Each structure stands twice: as structure tokens, then as C-alpha cells.
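**Q** take this sequence and fold it.
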Amino acid sequence: MPVRATLCCAANPLLRGIMSKQIWKYSLRESTIRVPQHAALLSLQMQNGEPTMWVLVNPKAPLEAWGIHAVMTGEDLSDTPPGEYAGTVVGVEDWLVIHFWITRG
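**A** As a prediction, the model looks like this:
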């Protein structure tokens, strides 16, 4: 289950009337995650030694599966990358560099 953080609320007068969105955090230990439809990828970074992704979501939207594809630097990659490029993270000791792609739905 993702970690959730509220992005906006009715208490903020600039945001009244706008559908509430949240930022959800996903650890990328799994090859598939469940994300609300039409979510926007915000960032992919290392946190506490694990690749972690933050996504802007409408928490009321139906969930869809996102496939997570990881490729290390120097590894073979097909002519067509596996989906939408999400980002690159550098491991704790700087020698491990992993590039991530997501496949929505």
C-alpha cells in the first residue's frame, strides 16, 4: 500500500472547489504497483536505500496496474524501451545505477 500525503484541502482558499489530490509514495520493490488512473509521476529517487517513486493522484479514481521495469547501466535494452521513462537512481555506493520505465494499465 502506498504512503499518502494530502496535497490540498478545503482550508486553503486558493484551492476551494478543486478536486482534492494526494501525493502517494511507492517503494519499487515490486514489478507491479496499483495506482489510481490518470496519475502523474512526480519524482523517482533513492530513499532509505530503496528506489522510491512519488505520484500525484486522485485518490477516488479507479486503480490500474503499472508495470515497473528496471535496467542497470550497461545492461542490454530492446530497441523499444519498455514504456514511459520514469527516472534514474544511483545506489548508496555510487556504482549501482538503475534506470526505470513504467507501463500504465
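
**Q** only C-alpha atoms for contact and neighbour calcs from this point on.
**A** OK.

**Q** low-confidence stretches in the protein?
**A** For the chain, applying pLDDT under 70 flags the ranges 1-19, 79-81.

**Q** show me what contacts residue 82?
**A** Residue 82 makes contacts with 69, 101-103, as judged by C-alpha atoms under 8 Å, 6 or more residues apart in numbering.

**Q** and the contacts of the lengthiest strand in the chain?
**A** Using DSSP state E to define each element, the chain has its longest strand at strand 63-72. Contact with strand 63-72 is made by 28, 30-37, 77, 82, 96-105, as judged by C-alpha under 8 Å, 6+ apart.

**Q** hmm, 6 Å instead?
**A** Residues outside strand 63-72 that contact it (C-alpha atoms under 6 Å, 6 or more residues apart in numbering) are 31-37, 97-105.

**Q** ranking the residues you listed by neighbours, who comes first?
**A** Among those, the one with the most neighbours (other C-alpha atoms under 10 Å) is residue 35, at 25 neighbours.

**Q** ok, now which ones touch it?
**A** Taking C-alpha under 6 Å, 6+ apart as the test, what residue 35 contacts is 63-64.

**Q** that one in helix, strand or coil?
**A** strand (DSSP: H, G, I helix; E, B strand; the rest coil).

**Q** is it in a bridge, and if so with what?
**A** residue 64 (DSSP bridges).

**Q** all the strands of the chain, in order from the start?
**A** Under DSSP E, the chain gives strands at 3-6, 22-27, 32-36, 40-47, 50-57, 63-72, 84-90, 97-104.
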